[in-house]
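In: coordinates only, no sequence provided:
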């Protein structure tokens, strides 16, 4: 963004570090919630074998420092101009590192990774997937961090003993970034917030503390775990030799909770859908947890200071935007992700082709780890244009499945869908999403609401924003898509999708 946009205000600016699945970004926001600069770097996706996904945590930390420095420079700002910094992150991605050297003992195991499938089945025993749901809000699944920790302790020589001795740190990526920002092995803070802790399957979602019984049953020493803090609080300050030296770090939110906060879904019944590597739909349910009977997750939405925690129902979809990357990187039918819309728009419909991207199984609401990706309905008529369109439509179909589950659990009919994330610049997808749902879809002016939510949490803690009312006032609509499809056509297409999904089962 041009330097001229960085207009100084008496209150300065708030920085947000968004450590995502495919990239790390730093954005700097003014009091109106509009970005004044943004810098981003992708990191490697490491696939040691089918179903395994890893990241190099040291590469991510190097990229974090670079994007923060570049964001400051592009807006001609110094640390003295920044009043607070927030952190948001890909959730569930699991890292263990040496407390003394600061070196990871293994690559980070990414949330999409399925290597713990057998372990999850063993942990479930006779109780099955619901063994810990009443305490954690989560089904036993490869998705969550707890089983990933257990896998590392079992598979890396000597790790279990070192963990018991307190020589190691576990963290999701918020904890890793913040530990390094605040000093690393020289006094770095080993903390996480309630939203990230609620995705480990180790925290009791009512007490907001690590559950000692679950930790013991899963074989995870509590000495390994970070302290659980609020989502908005002054935790500490950036180390003196850091790029943001002396700036208070005062907000942590898992990425989907951050997007919910950035979309100003701050009252019960308000929902958003983020279109990123995967899709994540969250519905604010207020200060009481609501347990799903239709395949959704119960999770912490956020906690501000010492206030009561706010809960959410969540529908998590593993593969949406990453399917477009797969078309680009694995098939080569597009050279950039932005080309998928133009290619898909060259045909009027999907030509009967459905793409079920169950690369890591299916998440909400089906929870089928045995599923694998399939393309259904191919004929000689179909070509790469129909495949591109089917890939985009898969995001919309999966979103409808989650929304129907959410409506069944909450009893609230969806009247409008707030959307955000990288894929919402795709007009064809947004129109199809509105069509297949039969409700308006609304995109905000500030589309990168994940970083914005982290900035809001950090700014509230230091008084930069005085209340949640200011956050609501900052939200502004950019564009709305209205449904244009007939009910008959909508049902016909969705029935075709449901049939296609059935073909993906029992393939693992």
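Out: Arrived safely, thanks for sending. Everything numeric in this text was worked out from a predicted model, so none of it was measured.
In: so residue 451 sits in a helix?
Out: Yes - per DSSP: H, G, I helix; E, B strand; the rest coil, residue 451 lies within a helix segment.
In: let the chain start at 18 from now.
Out: With 18 as the first residue, the last one maps to residue 468.
In: in contact with it, which residues?
Out: The contact partners of residue 468, by C-beta atoms under 8 Å, 6 or more residues apart in numbering, come to 33-35, 42, 44, 46, 52, 55, 105, 275, 279. Any C-beta I mention is one placed from the backbone N, CA and C, and that applies to glycine too.
In: now intersect these with the helices, please.
Out: With DSSP state H as the criterion, helices contain 275, 279 from among those.
In: between which two of the contacts of residue 468 is the distance greatest?
Out: Taking C-beta to C-beta, the two most distant members of the contacts of residue 468 are 55 and 275; they sit 15.3 Å apart.
In: between the two, which one's more packed in?
Out: Set residue 55 next to residue 275 and count neighbours by other C-beta atoms under 10 Å: residue 275 wins out with 32 against 20.
In: name the nearest residue to the more buried one, ignoring sequence neighbours.
Out: residue 470 (3.4 Å; C-beta to C-beta, 6 or more residues apart in numbering).
In: try residue 150
Out: Nearest non-adjacent residue to residue 150, counting by C-beta to C-beta, 6+ apart: residue 156, 5.9 Å away.
In: show me the contacts for that neighbour.
Out: By C-beta under 8 Å, 6+ apart, residue 156 lies in contact with 146-147, 150, 314, 384.
In: now it: how far from residue 308?
Out: Here the criterion is C-beta to C-beta, to the nearest Å. By it, residue 156 lies 11 Å from residue 308.
In: shared neighbours of the two, which are they?
Out: Each of residue 150 lies in contact with both residue 156 and residue 308 under the rule C-beta under 8 Å, 6+ apart.
In: low-confidence stretches in the chain?
Out: Residue ranges of the chain with pLDDT under 70: 18-27.
In: from residue 460, how far off is the residue of it positioned farthest from its centre?
Out: Distance to the chain centre peaks in the chain at residue 397, reaching 38.2 Å (criterion: C-alpha atoms, centre = their mean). Counting by C-beta to C-beta, the separation of residue 397 from residue 460 is 38 Å.
In: with residue 178 instead?
Out: On the measure of C-beta to C-beta, residue 178 and residue 460 end up 51 Å apart.
In: okay, the two: which has more neighbours?
Out: Ranked by neighbour count (other C-beta under 10 Å), residue 178 and residue 460 place residue 460 first, with 20 against 12.
In: residues near residue 362, how many?
Out: Look at residue 362: counted by other C-beta under 10 Å, it has 15 neighbours.
In: does it touch residue 448 like I think?
Out: No - with contact defined as C-beta atoms under 8 Å, residue 362 does not count as touching residue 448 (10.3 Å).
In: burial check on residue 487, number of neighbours?
Out: Residues lying near residue 487 (other C-beta under 10 Å) number 17.
In: got phi/psi on it?
Out: phi -70, psi -30 (degrees, to the nearest 10).
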